[in-house]
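Novice: Fold the stuff below for me.
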Amino acid sequence: MIEESGRVISTDGEFAWVETERTSACSSCSANKGCGTGALSKVYGRRFSRVKALNNINAEPGDMVVIGLVEDALVRGSLAVYGLPLLSLFLMALLGEAVATEFGMQQADGLIAIFGLAGLALGFYLVRLFSRKISHDDRYQPIIIRYSDESYSQTIVNIKS
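Specialist: Numbering: from 1, shown residues only. Below is the predicted model:
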């Protein structure tokens with residue numbers, strides 16, 4: 001299970017909104033000093049994300065908690081989000097090439113590109129259907145596992161114009 005610490009911001013029935021700090025892997029990398037990504041992560045500073053998680057422990061706003069997500073859910077979700085559009089783009093581009101060959105087209109690049117873009121749009125639509133299907137599936141939901149002992153200091157800056 002993949003775990004992350006955060007603070008409960010609000011509760012909504014059986015769910016809670018948990019704010020977690022986005023971390024960069026740069027702190028554990030040996031090339032941290034000479035890497036452009038490490039420099040960018042220092043420039044942008046601390047950033048926070050809000051996650052809707054199942055609240056099985058009845059955590060209240062302000063509580064420090066640990067949320068978890070099963071690895072299978074992350075892998076399947078990643079494959080769906082990245083793989084489906086890419087796969088459908090390639091398959092439709094190949095179909096476009098086959099259609100162009102069947103009709104004897106000499107300059108088929110435009111047709112192949114149109115078919116590829118249609119495949120990409122189809123892939124995004126399939127991802128949307130998949131995300132709607134799993135949105136109510138507990139196996140794909142982050143879950144609040146336990147209360148956290150880890151200190152969590154959040155700096156909020158309000159800028160008024």
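
Novice: and the residue nearest the centre of the chain, what element?
Specialist: Nearest to the mean C-alpha position of the chain, by Cα atoms, centre = their mean, lies residue 78 at 7.4 Å. In this structure, residue 78 sits in helix 71-78 according to DSSP states H and E.

Novice: Then residue 126?
Specialist: If you go by DSSP H and E, residue 126 is part of helix 109-134.

Novice: per-domain residue ranges of this protein.
Specialist: 2-70+138-147, 73-134 (automatic domain parsing).

Novice: Near the residue nearest to residue 123 when sequence neighbours are not counted, how many residues? Count them for me, please.
Specialist: Distances taken as Cβ to Cβ, 6 or more residues apart in numbering put residue 85 closest to residue 123, at 3.1 Å, once the chain neighbours are dropped. (C-beta placed from N, C-alpha, C; glycine too.) Residues lying near residue 85 (other Cβ atoms under 10 Å) number 19.

Novice: repeat for residue 148
Specialist: Neighbour count of residue 148, defined by other Cβ under 10 Å: 19.

Novice: Pull the contacting residues for it.
Specialist: Listed by Cβ atoms under 8 Å, 6 or more residues apart in numbering, the contact partners of residue 148 are 5-6, 64-66.
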